[in-house]
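Student: take a look and give me a structure for this.
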Amino acid sequence: MPAALRALLLGGVASATLAAAAFAACRAVTVADMQGLSPAFPQQFELAEFEDAASCALAFAENPAIAEFNARILGNPALPPLAERLPAEPLVVAPYEAIGTYGGVVNGLSRATEAGTSDILSVRHVSLVRYADDLQTIVPNVAK
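Tutor: Next comes the predicted model:
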């Protein structure tokens, strides 16, 4: 497990360093080991809440191959720097056991040609709220 939270998927990408002179790098926080932190909602924090509670500055990184993947889509312009693609208030979501690694390919097959690839791409859709792990409690997802 990495010593610092280096990667965080925010809409599939992320990569700017948010540094403050008084803060150190953040420890790896997972649901299995919350490092003494208590989020307001299950496994998720506002960025400022996380950095304040952990006394650290979280760094963001993008998939090293994202520019190559983006260039494969005909007509796509080059991606702006990650700092410009991050939301004003990023949501920090603690992984269950470990921080993931980049890599792999998702292949899909659809028998509903009238839907195009929407059934495969629907995994990208984000709801305003979501169910917590208890499947009863509704917590914010992208809504505050």
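
Student: quick check: what element follows the lowest-mean-pLDDT helix or strand in the chain along the chain?
Tutor: Least confident helix or strand of the chain, by mean pLDDT, DSSP states H and E, is helix 118-121 with a mean of 64. The first helix or strand that comes after helix 118-121 along the chain, using DSSP states H and E, is strand 129-131.

Student: poorly predicted segments of this protein, please.
Tutor: Scanning the chain for pLDDT under 70 picks out the ranges 1-24, 110-124.

Student: how about stretch 87-106 as CSV, C-alpha atoms only?
Tutor: Only the C-alpha atoms of stretch 87-106 are listed here, as CSV (Å, rounded to 0.1, in the frame of the first residue of the first chain):
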residue,chain,number,x,y,z
PRO,A,87,-14.0,20.6,-9.5
ALA,A,88,-13.7,23.5,-7.1
GLU,A,89,-14.5,21.2,-4.2
PRO,A,90,-13.3,17.7,-4.9
LEU,A,91,-15.0,14.8,-3.1
VAL,A,92,-12.5,12.5,-1.4
VAL,A,93,-13.6,8.9,-1.4
ALA,A,94,-11.7,6.4,0.7
PRO,A,95,-11.2,3.0,-1.0
TYR,A,96,-12.2,-0.1,0.9
GLU,A,97,-8.9,-1.9,1.2
ALA,A,98,-6.2,-0.2,-0.9
ILE,A,99,-5.6,2.5,-3.4
GLY,A,100,-5.9,1.2,-6.9
THR,A,101,-3.5,1.3,-9.8
TYR,A,102,-4.1,2.4,-13.4
GLY,A,103,-4.3,-0.1,-16.2
GLY,A,104,-6.5,-2.6,-17.9
VAL,A,105,-9.2,-2.3,-20.5
VAL,A,106,-12.9,-2.6,-20.2
